[in-house]
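# My questions are about this predicted structure, shown below with the sequence.
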Amino acid sequence: MKKKLLITVGAGASLDFGLPSVSAIDTFFDCCASKSHPLAKDPNSNLYRHCRDAINAYYGGAPRSGLRKWVNFEEVLYQLNLLVPYLSDLDRLQGTNALLTANTLPEVLHFGRDRRAVDGAVLGNLTSTLMNELVNHFIDACDAASMAKATEIAKLRQFLAALQDEFEIGIITLNYDNLFTQAMSGLHTGFDAKGNFDPMSVLTRTDWNFIYHLHGSVHFAMTGGTHNMHGITWVTTPSKGHVVHATGRNSQDSMEGTTYPMSPFVAGYGKTQQLLRQPFRTYFAQINRLVHEADSLLFLGYGFGDLHLNAVFSEVRNRHCPIVLVDWADDTQDPLPFRHDTWSYNLFKTLPGDARSMSSAGHTTPAYLGDLRAARDLEVSNNPAYPLAVWYNGMIEACQHPQKILKHLR
C-alpha cells in the first residue's frame, strides 16, 4: 500500500498563479472602504484605513525595533469585529463594557452624504461589506487564472500527479481559490452530487484523495434550506450576489460577545469561533486524525500563522515524519540557523526540528540560499531524527521539479 502524504496549502502557494497576497488584500480593502465608508472630515480617507493606521502607529511605539509588529488585513477585520459590542450594547449583554471603554472613532459619510457617528451597526456594515467584496474579488481572480494561468495550472496538475504516483494524497487548503480543484478533478470534498454537505462522508472516510477547504472556497454558497438558511452548499460554477454576501444576514455570534459576518469565507482572527459552522467544524475535527495517519507532511506556502492549526500539526513532534516546506525567499534571506523571525519561530515551535542542524545536503555549515536556489536544491536537516527540508524557489519551480521534493518526503 502507498504511504499517505498530507498536503497543507497556504496563501503563498497561490501567488504564482496571480491570486492576491496579504498586502494586496489590504490595499483592496482600503479601496473598497473608500467607496463605502469615507470619513466625514476627510473623504479622501476611510474608516478601514483609519483603524489600520491607528494600530500600526501603536505598534510603531514598540520599545525595541525587533519587537515591532505590523498589522495585516486579518487583524484589522478582527479588531473591527471586536469593537462592535463595545460601541453598541443597548441591552447590556457585554460585561466587559463595565470595565473597558472603546476609543471614539471618526464620523463617516453614510451613503456618501450624511454624517454618521460610528457605532456597532456601522462597524458591522463595514466588515460585512469587506467580506462581500473579498468573495467577489476571489471569484473574479479564479476565473481570470483559469485562462491567464492555464500553463501554470497544468504544471500544478503534473506536480500533483507525480506526488500521487508515490503517495495517497490528501489536501487541506486554507485558500479560498479553486486552483487545486482546477488542476485535479475528482477529489473528495464532503459535498454530494447535489451540493449538500455530508459530514459522515468526511468523518468515516478511510480513503484519501480529498481536498478540504478549511477556510472556505469560491465554490461555497449560502443556499441552505428552511431550517438553515445560511447553510453552505457547493456550487459548480462560483457566482456572486446574495448567496455569497454577508450583508442582510444574521451575524455569527460568540459567547464572548464578538460577532462575525456570516460569510462562506473564514477571514480575520477569531477563526476558531468562525469554524463552528459546517463544513468547517467537520473539516477541523478530521484534521487531527489525518495528521496522525499521515506518513509525510508537505506544506505549500504556509506561513505557520494559524495557531489553531499549528497545535494540530504539532502532534507529529514525537514521531519520525518526513516534512518538506515549499516557500520562496530571495538570495539575501538568512538560512534557518541564523533566521530569527516569526515564521521560523512558529515553524520550530510547531514541527520537530533543530535549526542548527539545517544546511545543504552533505554539509554541516549553514547554507547560502543563493547557491541552493541556483541549484534547485533544498535546505535540509543533517540530524536524521528531524527529517525536515525547505525549498526556497517558490511554487511554480517546485511544480517543475517534483523529484526534488519527493526525495525528501520518502
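Arrived safely.

# mind listing what C142 touches?
19, 177-179, 182, 218, 238 (Cβ atoms under 8 Å, 6 or more residues apart in numbering). C-betas here are computed from N, CA, C, even on glycine.

# okay, which residue is most central for this structure?
L174 (4.3 Å; Cα atoms, centre = their mean).

# Does that one touch T8 like I think?
Yes - checked against Cβ atoms under 8 Å, the pair L174 and T8 is within contact range at 7.4 Å.

# Please enumerate the strands of this structure.
Taking DSSP state E as the criterion, the chain contains strands spanning 3-9, 108-110, 114-116, 167-173, 210-213, 220-222, 232-234, 252-253, 259-260, 296-300, 323-326, 358-359, 379-381, 388-391.

# Reformat the contacts of C142 as JSON lines; add pLDDT, neighbour count and distance to E256.
Output for those, formatted as JSON lines (pLDDT from 0 to 100; neighbours: other Cβ atoms under 10 Å; distance: Cβ to Cβ, whole Å):
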{"residue": "L19", "pLDDT": "96", "neighbour count": "22", "distance to E256": "32"}
{"residue": "D177", "pLDDT": "97", "neighbour count": "26", "distance to E256": "31"}
{"residue": "N178", "pLDDT": "97", "neighbour count": "21", "distance to E256": "33"}
{"residue": "L179", "pLDDT": "97", "neighbour count": "25", "distance to E256": "35"}
{"residue": "Q182", "pLDDT": "96", "neighbour count": "18", "distance to E256": "38"}
{"residue": "V218", "pLDDT": "98", "neighbour count": "28", "distance to E256": "30"}
{"residue": "P238", "pLDDT": "95", "neighbour count": "23", "distance to E256": "33"}
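
# And for the residue nearest to Y176 when sequence neighbours are not counted, the neighbour number?
Using Cβ to Cβ, 6 or more residues apart in numbering and skipping residues adjacent in sequence, the residue nearest Y176 is F138, 4.6 Å away. Look at F138: counted by other Cβ atoms under 10 Å, it has 24 neighbours.

# Can you show me the CA trace of stretch 20-33 as PDB?
The C-alpha trace of stretch 20-33 is given here as PDB (Å, rounded to 0.1, in the frame of the first residue of the first chain):
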ATOM      1  CA  PRO A  20      -3.700  38.300  -4.300                       C
ATOM      2  CA  SER A  21      -1.200  38.500  -1.500                       C
ATOM      3  CA  VAL A  22      -2.000  39.500   2.100                       C
ATOM      4  CA  SER A  23      -0.700  43.000   1.400                       C
ATOM      5  CA  ALA A  24      -2.700  43.200  -1.900                       C
ATOM      6  CA  ILE A  25      -5.900  42.400   0.000                       C
ATOM      7  CA  ASP A  26      -5.100  45.200   2.400                       C
ATOM      8  CA  THR A  27      -4.900  47.600  -0.500                       C
ATOM      9  CA  PHE A  28      -8.100  46.200  -2.000                       C
ATOM     10  CA  PHE A  29      -9.900  46.600   1.300                       C
ATOM     11  CA  ASP A  30      -8.700  50.200   1.500                       C
ATOM     12  CA  CYS A  31     -10.100  50.900  -1.900                       C
ATOM     13  CA  CYS A  32     -13.400  49.300  -1.100                       C
ATOM     14  CA  ALA A  33     -13.800  51.200   2.200                       C
END
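
# can you list the strands of the chain in JSON lines and add distance to C32?
Listed next are the strands of the chain as JSON lines, based on distance: least, Cβ to Cβ, whole Å:
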{"stretch": "strand 3-9", "distance to C32": "26"}
{"stretch": "strand 108-110", "distance to C32": "14"}
{"stretch": "strand 114-116", "distance to C32": "18"}
{"stretch": "strand 167-173", "distance to C32": "25"}
{"stretch": "strand 210-213", "distance to C32": "23"}
{"stretch": "strand 220-222", "distance to C32": "20"}
{"stretch": "strand 232-234", "distance to C32": "23"}
{"stretch": "strand 252-253", "distance to C32": "21"}
{"stretch": "strand 259-260", "distance to C32": "18"}
{"stretch": "strand 296-300", "distance to C32": "28"}
{"stretch": "strand 323-326", "distance to C32": "31"}
{"stretch": "strand 358-359", "distance to C32": "41"}
{"stretch": "strand 379-381", "distance to C32": "39"}
{"stretch": "strand 388-391", "distance to C32": "35"}
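
# Can you spell out the domain ranges of this protein, please?
According to automatic domain parsing, the chain comprises the domains 3-18+149-216+265-406, 22-145.

# So which of those is the most surrounded?
Mean neighbour count (mean count of other Cβ atoms under 10 Å) peaks for domain 3-18+149-216+265-406 among the domains of the chain, with a mean of 18.

# How far does that domain sit from its chain's centre?
Counting by Cα atoms, centre = their mean, to the nearest Å, domain 3-18+149-216+265-406 is centred 12 Å from the centre of its parent chain.

# What of stretch 215-223?
15 Å.

# One more: stretch 102-117?
31 Å.

# how far away is the closest residue to the residue nearest to the centre of the chain other than its chain neighbours from A367?
For L174, ignoring the flanking residues on the chain, the nearest one in space by Cβ to Cβ, 6+ apart is H215 at 5.0 Å. Distance, H215 to A367, using Cβ to Cβ, to the nearest Å: 33 Å.

# That concludes my questions; thank you for your assistance.
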